[in-house]
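A.B. asks: task: produce atomic coordinates for the following.
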Amino acid sequence: MSELRWDEVADLFDPDNGILPDVEVTGTTVADWQTVFDLVRARGWQHRYVPEVGEAELPAAAEIFAGGTVLDAELHVLPAPAMVAIFRFYRAETVDFDVHLEELQGQGPLDVLCGFYRDIGRALGKSVVMTFEGHRELPMIGYDVRLDRVVRLAPPD
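C.D. replies: Have a look, this model is predicted:
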């Protein structure tokens, strides 16, 4: 069961707010990225690593970041069959990914999303924050590491 109720956050999940909200964990390292990769495998989440060209097995995080920033590679993770999180390797210092608002309509998908954020936040010991697409200064919801739960971060509508 989620900490959030759909009727408390539905206004934040309107696709008219932007289709791909930004999600980030700040203050990370290459080791934190590896922790995320290990979590994906341990949870058995379907995933697909898409390097700049083609498709490949997910390498070690150190290999991905060996040359610095990797702008064109992505990791697609499915915490549920109808939900995808797209991780991008902009910099080792921030775990960045997007989710699709269209896939997050209703209590069931919200519960999956909260569990996904909670798993990542607990594994890293860091907060996970979802912001409006293109507006990282406007938080929506997030896993608060101090409270050990997902909370609404946006002011009430």
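A.B. asks: how about the strands in this protein?
C.D. replies: Remark: strands assigned in the chain by DSSP state E are 22-26, 46-50, 70-80, 83-91, 94-99, 128-132, 135-144, 149-152.
A.B. asks: how about these, which one is nearest residue 32?
C.D. replies: Among the strands of the chain, strand 94-99 comes nearest to residue 32, with 6.5 Å by C-beta to C-beta. C-betas here are computed from N, CA, C, even on glycine.
A.B. asks: could you check the angle the closest one makes with strand 135-144?
C.D. replies: With axes from the mean of the first three to the mean of the last three C-alpha atoms, to 10 degrees defining the directions, strand 94-99 sits at 90 degrees from strand 135-144.
A.B. asks: follow-up on the earlier one: dump the strands of the chain to TSV, plus mean pLDDT and mean neighbour count.
C.D. replies: Formatted as TSV, the strands of the chain follow (pLDDT from 0 to 100; neighbours: other C-beta atoms under 10 Å):
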stretch	mean pLDDT	mean neighbour count
strand 22-26	96	21
strand 46-50	94	15
strand 70-80	88	17
strand 83-91	94	18
strand 94-99	95	21
strand 128-132	95	21
strand 135-144	92	18
strand 149-152	96	18
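A.B. asks: does residue 144 really touch residue 151, like I thought?
C.D. replies: Yes: with contact defined as C-beta atoms under 8 Å, residue 144 reaches residue 151; the gap is 5.3 Å.
A.B. asks: before we move on, back to that, who wins for proximity to residue 3 among the strands of the chain?
C.D. replies: Among the strands of the chain, the nearest to residue 3 by C-beta to C-beta is strand 149-152 (4.4 Å).
A.B. asks: list the helices and strands that closest one packs on?
C.D. replies: The contact analysis (3 or more C-beta pairs under 8 Å, 6 or more residues apart in numbering; DSSP states H and E) places strand 149-152 against helix 107-124, strand 135-144.
A.B. asks: any chance of these in CSV, plus distance to residue 98?
C.D. replies: Converted to CSV, the helices and strands packed on strand 149-152 look like this (distance: least, C-beta to C-beta, whole Å):
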stretch, distance to residue 98
helix 107-124, 12
strand 135-144, 12
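A.B. asks: for residue 17, find the nearest of these.
C.D. replies: The nearest among these, by C-beta to C-beta, is strand 135-144 at 8.3 Å.
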